[in-house]
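>>> Pasting a predicted model and its sequence here:
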Amino acid sequence: MSSLARYVTDPMHTCVTFEVKHFATSTLRARFGKVHGTIDLDMEHHAGHAGIDVDTASISSGIAEFDQHLKSDAFLDVATHPTAHFVGSDFRWQGERLVAVAGALTLRGQTHPVVLDCRNFNRYDSPIHHAPVAGGDFETTIQRSQWGITWGIDLGVPDAVHLVIAIEAVQQVVPAKAA
């Protein structure tokens, strides 16, 4: 019997946020509220695979004018690239503790490797979903210029962008195969 389990993201408990220093003064923050995907976990063999899609138009800083700037071709270019995609192919463990997920991030049509550090990870039986839930907080810092997002770097807006991924996913029931 396989110990592999499929989980589907819970939209109420999953989002991606980013933060960047604004001209070395305040920290600007925004979030992507529409994040969907699946995670396959094999806890017995400490293995996994994730496929996560982020709706880039779902970005919200709380300031509509700023959101439009972020959606423009100067940054995310949501008209041409409506989805960012992360594939996590290397779940890294230290004993029983998940410490990182390595994979590739596709943003603005370009794919580059990233490693998401795991700040916490947990599994629990959800009284709401009546199913097991797995998730945690993951983070990394990327250099946005790798994906062709260079607006403002020459003006003093940093290249480094800190990403925080909060994710919870509900285990799916897999129907038994007919004998």
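Looks like it came in fine. Residues are numbered from 1 along each chain as shown.
>>> in the protein, which spans are helices?
64-71 (DSSP state H).
>>> residue boundaries of the strands in the protein?
4-9, 15-21, 27-32, 35-42, 47-55, 59-60, 83-94, 97-107, 110-126, 131-143, 160-171 (DSSP state E).
>>> Tally up the residues packed near the residue lying closest to F138 once chain neighbours are set aside, please.
Take F138 and drop its neighbours on the chain: the residue closest to it by Cβ to Cβ, 6 or more residues apart in numbering is L116, 3.9 Å away. C-betas here are computed from N, CA, C, even on glycine. For L116, the neighbour count with other Cβ atoms under 10 Å is 23.
>>> What of V101?
Neighbour tally, V101, other Cβ under 10 Å: 26.
>>> measure it to H129 for me?
23 Å (Cβ to Cβ, to the nearest Å).
>>> coming back round to it: closest one to S72 among the strands of the chain?
strand 59-60 (11.1 Å; Cβ to Cβ).
>>> just how off-centre is the closest one within its chain?
14 Å (Cα atoms, centre = their mean, to the nearest Å).
>>> Give me the sheet partners of that strand and which way each runs.
Note on strand 59-60: by DSSP bridges, its sheet partners are strand 27-32 (antiparallel).
>>> Now the strand it pairs with: buried residues?
28, 30-32 (16 or more other Cβ atoms under 10 Å).
>>> likewise stretch 23-42?
Those would be 28, 30-32, 34-35, 37, 39, 41, for stretch 23-42 by 16+ other Cβ under 10 Å.
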